[in-house]
Structures are given as C-alpha cells and as structure tokens.
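In: This is the structure alone, sequence omitted:
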C-alpha cells in the first residue's frame, strides 16, 4: 500500500512540476523587441505621432518585465508592481512633475499590448504600448 501511494504521489508530482515551472516563467522573451508608443491627450487638439523603437531585452529584464521608464533625470517611483500570469500592472508617482498614473501590459507569446493612464496636474493622458518580438538581439537596437 505504501509503495502504491508513493508511486501515485511521484506520478502526480512529475505531472504537475512542469505546470508549476511554466507558471513561474516570465511572459516576456529575451531578445530584440520593436516597441510602439502612442499618446492621447484629450484636451490637446494636436495629435502626437507614434514613436517606435527597438530594444534588446536581456534574460534578466525578461524575468521581471518593467513598466516603460521616463528619462533618467525623472523622480518617478513605481509601486504596486504585480506580475500575475501574463499581465503586469503598476502604479507610478512622479513628485517633481506632479504626476500620478497606473498601467497594465498583457503579453502573448511574441507580442504585448498595454496602456498607461497618467495625470499631470489638470492634464490627463493615455499612453498605449505595442511590442513585437523580432528575434535575437543583433547590436542594432538601443
């Protein structure tokens, strides 16, 4: 009886371990990504053009996908970061710029889509993110 129970437990563990490992893996792949950002500011009549960049994402960065960052000189602080399944959510506060916001990015196997809502004083804006995996990094990306 003990041998049968041990065999059953071993079988269950062998079948569930890959599922648990898959759950723990990041939803983002390391490699070259093309990222397009569009911004919408409802109270400003001029429509800003989308910005597209390529970026090399390292294995370390892929393990913990981060929200898009501002310039190096900003004082923005990310809080309430949560990676659940294939979705990353966060909140942000930039005290110097009097800005607050929150965002969400959802990954699929080789792409992602996301949105961030920001408020700077009385000005509100929405940023939309679209990422597409292009393959291995080749040194041409930033």
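Out: Nice, I can see it. Being a predicted model, the structure only gives us computed values, none of them experimental.

In: so how far does stretch 86-102 reach from one end to the other?
Out: 17 Å (CA to CA, to the nearest Å).

In: Which positions within that stretch qualify as buried?
Out: 88, 89, 90, 92, 94, 99, 101, 102 (16 or more other CB atoms under 10 Å). In short, each C-beta sits where N, CA and C put it, glycine included.

In: show me where pLDDT drops low in this protein?
Out: 1-26, 68-74, 141-142 (pLDDT under 70).

In: swap the cut-off to 50 and go again
Out: 1-24 (pLDDT under 50).

In: for it, longest strand please?
Out: In the chain, assigned by DSSP state E, the strand with the most residues is strand 123-135.

In: I'd like the distance between the nearest residue in space to residue 94 that is not next to it in sequence and residue 42.
Out: Excluding the flanking residues, the one nearest residue 94 by CB to CB, 6 or more residues apart in numbering is residue 76, at 4.1 Å. Taking CB to CB, to the nearest Å as the measure, residue 76 falls 22 Å from residue 42.
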